[in-house]
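>>> need a structure here:
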Amino acid sequence: MAELGVWYDQDSRDAYDEGDPVIPMRTAAELDALIERVRADTVAHRCPAMIQVGILGNEGYPVLEVGLGQDKGFIHYHAHDAGRTIGDGDPATTVEYVYMGSLSDVPADSEVPIETVRRGLHEFLATGTRPSVVSEEP
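Numbering: from 1, shown residues only. Take a look at the predicted model:
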């Protein structure tokens with residue numbers, strides 16, 4: 001099982017050093033609690049939130065960019081075997097998510113049901129590798 005580090009509510013001006021710690025995730029219950037916290041924090045927001053997830057102690061890849069909306073979300077997996085979730089949205093359009101105060105346009109066809117995102121995060125916690133819900137980039 002991997003120990004994950006999550007960046008969610010750090011201030012975008014911060015240096016991400018010892019004074020601005022990553023949120024450690026060691027169990028599926030901790031991960032579920034964070035998912036629900038993010039969704040609760042942003043229920044009234046115009047755009048859903050994004051988090052970044054990596055493996056603690058590993059300063060390189062793999063890294064996940066994860067969108068956590070109320071009903072939908074996405075996973076973009078950054079590593080040598082990169083990929084993303086593929087849903088039924090229009091690939092020619094984008095949807096907006098917010099990461100630490102910065103607006104990000106995400107391909108609309110990246111969005112999948114939030115339970116698919118949750119399953120992918122659980123797999124990443126269990127294996128530290130690309131979740132099966134993530135398709136390889138063409």
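>>> how much space between Ser104 and Glu115?
22 Å (C-beta to C-beta, to the nearest Å). Every residue, glycine included, has its C-beta placed from N, CA and C.
>>> Which one of those two is surrounded by more residues?
Neighbour count, other C-beta atoms under 10 Å: between Ser104 and Glu115, Ser104 has more, with 15 against 11.
>>> Where does the more buried one fall, secondary structure wise?
Following DSSP states H and E, one finds Ser104 within strand 102-107.
>>> Likewise for Tyr77?
Going by DSSP H and E, Tyr77 is in strand 72-78.
>>> So which elements touch that strand?
strand 63-68, strand 83-84, strand 112-113, helix 114-127 (3 or more C-beta pairs under 8 Å, 6 or more residues apart in numbering; DSSP states H and E).
>>> Please name whichever of those is nearest to Met100.
Closest approach to Met100 among the helices and strands packed on strand 72-78 (C-beta to C-beta): strand 63-68, 11.7 Å.
>>> contacts for stretch 123-138?
Stretch 123-138 is contacted from outside by 1-2, 4, 25, 27-28, 31, 53, 55, 62, 64, 75, 77, 79, 81-86, 112, 116-117, 119-121, using C-beta atoms under 8 Å, 6 or more residues apart in numbering.
>>> give me every residue that touches the spatially most central residue of the chain.
Nearest to the mean C-alpha position of the chain, by C-alpha atoms, centre = their mean, lies Val66 at 1.8 Å. The neighbours of Val66, taking C-beta under 8 Å, 6+ apart as the test, are Met50, Ile51, Gln52, Val53, Gly73, Phe74, Ile75, His76, Val117, Leu121.
>>> I'm done for today, thanks for sticking with me.
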